[in-house]
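> Sequence and predicted structure, then a few things I'm wondering about:
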Amino acid sequence: MTTDPTTTRRPAFPGGTILGYPRIGRRRELKKAVESFWSGRSDAVDLEIAAGTLRRDTVRRLAALGLDPDDGSVPGSFSYYDQVLDVVALLGAVPARFADLIDPDDGSLEPEGYFTVARGRGEDAPLEMTKWFDTNYHYLVPEISESTPISFADHRIVREYAEAKEAGVTTRPVLVGPVTFLALSKAADDAGEGFHPLDRLDDVVAAYAELLRALAAVGAPWVQLDEPVLVTDTGDLDPERLRAAVATAYRALATDLVPADPAQDDADGDTETEAERPAILVATPFGGLQAPGRPAGGPDDALALLAATDVEAIAIDLVRGAVPTGAGPGGTVPGLATKTLVAGVVDGHNVWRSDLAARLEVAESLRPLGAGAVTVGTSTSLLHVPHDVDDETFDDGPDAGRLALDPRLRDWLAFADQKVGEVTVLARAVAEGREAVAEALAASSAAAASRRAATGVVVPAVRDRLARLSDGDFARGAHDERVAAQRARLGLPALPTTTIGSFPQTTDIRTARAAWAKGELDDAAYTTAMRAEVERVVRLQEDLGLDVLVHGEPERNDMVQYFAEQLDGFATTALGWVQSYGSRCVRPPILWGDVSRPEAMTVEWSQYAQSLTDKPVKGMLTGPVTILAWSFVRDDQPLGDTANQVALALRDEVADLEAAGIGVVQVDEPALRELLPLRRADQDDYLRWSVGSFRLATAGAAAATQVHTHLCYSEFGEVVGAIDGLDADVTSLEAARSRMEIVPELADAGYSRGVGPGVYDIHSPRVPSTAEVTELLRLAVKSIDPSLVWVNPDCGLKTRGYAEVEPALRHLVAAAREVRAAI
Ligand SMILES: CN1c2c(nc(N)[nH]c2=O)NC[C@@H]1CNc1ccc(C(=O)N[C@@H](CCC(=O)N[C@@H](CCC(=O)N[C@@H](CCC(=O)O)C(=O)O)C(=O)O)C(=O)O)cc1
Ligand SMILES: N[C@@H](CCS)C(=O)O
Ligand SMILES: [Zn+2]
C-alpha cells in the first residue's frame, strides 16, 4: 500500500532522540554478567536477569534524562554481544557449521548458540570480526550463501519492546537495516561462483517484514533501521546495485506494508489502526549521504534516494557530513515533505560538550530542504562514548570518591547522558525558539570559550617545534644502506621469528595492577611484579627459540591508554569504558591539549628486558595515528597537526630507546586503515598526513636501528601504497585468516621491505599445527622474495592464555625452521 502523501503526521520525536545508547552498563554490568556466564559461574537465567535489569534501568534513565517515554524517542538498542550478530540471530542465518545450534522448535539461537557463533568452538571458527565503519567498535561478519537459512527466527526484539513497555517506556527498536546487513556480509564458503550476499535481499526483506508486522502487533510506533553503508563510497560493492537494493528493500518494508500512525496513539500508546508495520526511521550515521562535490539529486545522492521511499523519517549525520542540498524547487529535496528529518548535530562519536548555539544553527539550516518536520538527534549511536561524565570519580582505592577528571575538563565534556541532555535542549530550541533555552545556550558558549582560552590547549614550545619541521625530518636514509647496517648489527637468520609485542595478560598481572590502583600494592612491589613477568616472558621466548624478542607489555593496561597516561595534553578516565567488541572494552583517553612528553615512557622496561638476553629485544611503541584513532581527539585543529605533535613525542622516545642500546623499535599502527575516510574524495589527504606522522615519529632512527610497524584488524588492500610509504624496515600484518592474501598484493605493488604476514590467528583459541603454519609460510615465500619474509603471529597475544600461546609459538618456530631449510 502506498502512503497517502497528503497525510499530515505528527512530527517524529519532537523532544529529540538519540540513535542508540551504550549497552555495556555504567559499571560494565553486561561484561561481567556475560563473562560470568561464559565461565560457568552463572547460568542463562542469571544472565537474562542481569541483562533485563540493565535494559530496564537504561530505558528509565533515558526517560528521566528527558527523552519522551511515550512516543518511541527512547531507542531500544541493547545487544548481548554485537548488533550485526543480532541480525544473524534474528534471521537464523548461521553458517552451516553452526546449524546444530538453532533451536529446532522455534528457529532461534539460545544464549549458548549465540555466543558460540561469536566465539567459535573447537574446529568451528567464529564469524570473522572487523571494524564498524571508522570506529573502534568491531562487528561480526555474517556469512551468507544461496543455502543459508533466512526467516524471522528470533523474537528477542519484540520481547524487549514488550519488556520496556512493561517498565513504562515505549521504545523504538533499533536494528541494522537489511541493505547494510547484506552489504557487510561476505559470501560463505559454500556459496557459488559470483554469488553476493545481496542476492538474498528478497529473503532478508521478507523476514524483516515479518518482524515489522510482529512489532506493529504489539503496538510499537517506531522502528529504527540503521543503514550506514549509504554514507560510504569506498566498498567494493557496485553503487548501482546498492541503490537498487535500497529501493527494493524500502518498497517492500515501507510502501507495501500499512504503516502505524503514531499520531493515532491512544493514551496507553496502543495504535488503533490496522497497522502492518511501525513508522520507520532510517538512520545513516558516520558521514554525509551526499559525496562532497557531487550534484544534489544526482545518481549517487543517497538522501534523494531515501527521500523517494515511503519511510517516515531519516536521521542524518551533521557532524561528519555537511548540510545536504536539494535538487527540487527552491532547493528542496523531493519526497522529504512527508518525512521528519532527524538532524544529527550532537556528536555521537566524540566527547566534547556541544557549542549549542552553533549546533542549533546547523539544525536550522536544514529548513530549506523542505522536510515535513525537523528534530534533533545524535549523529551516531552513543555506543561509542562512555556513559556519564558525572560518574568520573574513582570507585575504590586510596582515591575513592575523588574526581578522576580535572573539573575544568569536566566542564568541556559530554558523555552519553550529557548528550541526551543536549539533544533535548536543542529539540526544544528548534520547536519553541532559542529564547526557550537561552540559559543553556549561554552556558555552553561559556564552556566553549573557557576551553579555547585554557592553559595547555596551546603550548607555544610545541607549536614552535612543529613550525620548524622540514622535509628532512620526515625521511630516513636510503633503504639499501639501512638493510646493510641492520644485517651487520642484528645477524638474523632467514625467515626471522618474532611476536607482535604483548604476551598473555594473565589474571595475576591484572590482579596486581588492580591492587596497585587500589593502593594495596605500592609502586615498588608493582614494578617488581611486572619485572618478574618480563623476565619470565624473555626466558620463555629464549626457550621457544624466537629470534627477535619482546618484553611482553605486562605493564600496559591498554596500548593507547598507557601512553596517554604519560603524555601531557591527554586526560584518562576512571570509568569511561566503551565497548570495543563483545565483552571487551577500552577507556579511550581524551586528547584535549598540545601534546608533549615530560619523560621517557618505555625505556626502562625495554632496557631491562634487553639486559636479560643476547638476542635483540624490540622497543615497543604505539604510533601517532593509532593513538589518535583510539582516543577522543580535540576538534579544534586539523587531525594531522595533532598527529605530528604525538609523532614528535614518539620520536624522542625512539631516540631514548636507541641511546639505551635498543636496536629494533616497533611502532604499531593497527588503526591506520581504520581512520581511512569513508569517501574516496577525502582519502588522499588522510593518507598524506597519517603516513607523514608515522615517518616523523620514526625518521630520526639511525640506519642500523631496524624500524618495524604492525597493522591488524583490517583489510589492507586499500592501503598497500601507504604501507610502502611508511618506509618501515619491517611490517607485520594480520594475514592468517585470509591465507596470506595481502602478500601477493604487496609483491604486485613492488613492495621491497621486510614483511611479516601473520601465520597464527590469535583471535581464535585454536592452536595451529606446525603443518598449518608451514603451509601458510610456503604460500608467503611463493609470492614474495623469501629474504623479505618474517614469521610472526597476526597480532599481540594479550587476550590469549599460555596454554594456547606456548604450543602455537613452538609450532611457529618449528615451521620457520622447516621452510628456512627449504629456501
Ligand atoms: C588491539 N585492539 C585494541 C583496540 N583499542 C584499544 N584501545 N586497545 C587495543 O588493544 N582496538 C582494536 C583492538 C581490539 N580491541 C580490544 C579492546 C579491548 C581489549 C581488552 O582486552 N580490554 C580489556 C580491558 C583492558 C584494560 O584496560 N585493562 C585494565 C583494567 C582491567 C580491569 O577491568 N580491571 C578490573 C579489575 C582487575 C581484575 O581483577 O581482573 C576492574 O577494574 O574491575 C588493566 O589491565 O589494568 C577488557 O577486559 O575489556 C582487547 C582488544
Ligand atoms: N604491540 C601490540 C600491538 C597490538 S595491535 C600488542 O602486541 O598487543
Ligand atoms: Zn595487532
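Alright, I've got the coordinates. Ligands and ions are numbered 1, 2, ... in the order given.

> Return the residues in contact with the residue of the stretch 351-500 of the chain found nearest ligand 1.
Closest residue of the stretch 351-500 of the chain to ligand 1, Cβ to the nearest ligand atom: residue 395 (8.1 Å). (Each C-beta comes from the backbone N, C-alpha and C, glycine too.) Shown in contact with residue 395 (Cβ atoms under 8 Å, 6 or more residues apart in numbering): 27, 574, 575.

> What parts of the stretch 701-823 of the chain come near ligand 3?
712, 795 (Cβ under 5 Å from the ion).

> Now do the strands in the stretch 701-823 of the chain.
Per DSSP state E, counting those that start in this stretch, the stretch 701-823 of the chain carries strands over the ranges 706-711, 730-733, 754-757.

> With ligand 1 in mind, check whether the longest one reaches it.
No. Contact of strand 706-711 with ligand 1 (Cβ under 6 Å from any ligand atom) is absent, the minimum separation being 10.0 Å.

> From the contact counts, what lies against that strand?
Contacts defined by 3 or more Cβ pairs under 8 Å, 6 or more residues apart in numbering; DSSP states H and E place strand 706-711 against helix 479-490, strand 664-668, strand 730-733.

> Pick out the residue of the stretch 51-200 of the chain closest to ligand 2.
Relative to ligand 2, the nearest point of the stretch 51-200 of the chain is residue 136 (11.7 Å; Cβ to the nearest ligand atom).

> residues in contact with that residue?
Neighbouring residues of residue 136 by Cβ under 8 Å, 6+ apart: 384, 578, 580, 586, 588, 629, 630, 671, 674.

> Compare those residues and tell me which has the most neighbours.
residue 588 (27 neighbours; other Cβ atoms under 10 Å).

> which SS class is that one?
coil (DSSP: H, G, I helix; E, B strand; the rest coil).

> That one and residue 560 touch, don't they?
Yes. The pair residue 588 and residue 560 qualifies as a contact (Cβ atoms under 8 Å) at a distance of 7.3 Å.

> Overlap in contacts, these two.
In contact with both residue 588 and residue 560: 630, 631, using Cβ under 8 Å, 6+ apart.

> between the helices and strands packed on strand 706-711, which gets nearest to residue 527?
With Cβ to Cβ, the closest approach to residue 527 among these belongs to strand 664-668: 22.5 Å.

> Please see if that closest one touches ligand 2.
Yes. For strand 664-668 and ligand 2, the contact criterion (Cβ under 6 Å from any ligand atom) is met by residue 668.

> what number of residues lie near residue 577?
Applying other Cβ under 10 Å, I find that residue 577 has 21 neighbouring residues.

> could you list every residue that touches it?
Applying Cβ under 8 Å, 6+ apart, the residues near residue 577 are 24, 28, 386, 387, 585, 586, 587.

> Using JSON lines, please lay out the helices and strands packed on strand 706-711 together with distance to ligand 1, mean neighbour count and mean pLDDT.
Converted to JSON lines, these look like this (distance: least, Cβ to the nearest ligand atom, whole Å; neighbours: other Cβ atoms under 10 Å; pLDDT from 0 to 100):
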{"stretch": "helix 479-490", "distance to ligand 1": "27", "mean neighbour count": "15", "mean pLDDT": "97"}
{"stretch": "strand 664-668", "distance to ligand 1": "9", "mean neighbour count": "26", "mean pLDDT": "98"}
{"stretch": "strand 730-733", "distance to ligand 1": "13", "mean neighbour count": "26", "mean pLDDT": "97"}
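
> Would you mind giving these as a markdown table with distance to residue 92 added?
Output for these, formatted as a markdown table (distance: least, Cβ to Cβ, whole Å):
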| stretch | distance to residue 92 |
| --- | --- |
| helix 479-490 | 53 |
| strand 664-668 | 39 |
| strand 730-733 | 35 |
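
> now residue 557, what's its secondary structure?
Under three-state DSSP, residue 557 falls in the coil class.

> Can you tell me how far it is from residue 504?
To residue 504, residue 557 is 15 Å away according to Cβ to Cβ, to the nearest Å.

> between those two, who's got more neighbours?
Taking neighbours as other Cβ under 10 Å, residue 557 and residue 504 compare with residue 504 leading, 21 against 17.

> Distance check, that one against residue 472.
42 Å.

> again with residue 136
From residue 136 across to residue 472, the span is 34 Å (Cβ to Cβ).

> Surely residue 20 is within a strand?
No. Secondary structure of residue 20 (three-state DSSP): coil, not part of a strand.

> In contact with it, which residues?
By Cβ under 8 Å, 6+ apart, residue 20 lies in contact with 75, 77, 174, 348, 380, 381, 382, 383.

> Could you find which two of the residues you listed are furthest from each other?
174 and 348 (12.8 Å).

> Give me the common contacts of those two.
With Cβ under 8 Å, 6+ apart as the test, residue 174 and residue 348 both reach 19, 20, 381.

> Can you check what pLDDT the model gives the closest residue to the last one other than its chain neighbours?
On the basis of Cβ to Cβ, 6 or more residues apart in numbering, the spatially nearest residue to residue 381 that is not a chain neighbour turns out to be residue 20, at 2.8 Å. The predicted local distance difference test score for residue 20 is 98.

> Over to residue 106?
81.

> Please, which helix or strand holds it?
Assigned by DSSP states H and E, residue 106 falls within no helix or strand.

> I'd say it and residue 153 touch.
Yes. Between residue 106 and residue 153 there is a contact under Cβ under 8 Å: 7.4 Å.

> between the two, who's got more neighbours?
A count of neighbours by other Cβ under 10 Å puts residue 153 above the other of residue 106 and residue 153, at 22 against 11.

> For the residue lying closest to that one once chain neighbours are set aside, which residues are in contact?
Spatially, and ignoring its direct neighbours in sequence, residue 153 is nearest to residue 92 (3.2 Å; Cβ to Cβ, 6+ apart). Residues near residue 92 by Cβ under 8 Å, 6+ apart: 102, 107, 108, 109, 149, 150, 151, 153, 154.

> Please apply the same query to residue 591.
Going by Cβ under 8 Å, 6+ apart, residue 591 touches 564, 569, 570, 627, 628, 631, 632, 633, 634, 642.

> mind checking how far it is from ligand 2?
19 Å (Cβ to the nearest ligand atom, to the nearest Å).

> Over to residue 578?
Distance from residue 578 to ligand 2, by Cβ to the nearest ligand atom: 17 Å.

> returning to what we had before: of the contacts of residue 20, which belong to strands?
75, 174 (DSSP state E).

> if we can go back for a sec, which pLDDT value belongs to the residue nearest to residue 153?
For residue 92, the model assigns a pLDDT of 96.

> Likewise for the one 5 residues further on?
Residue 97 carries a pLDDT value of 96.

> which non-adjacent residue is nearest it?
residue 124 (4.6 Å).
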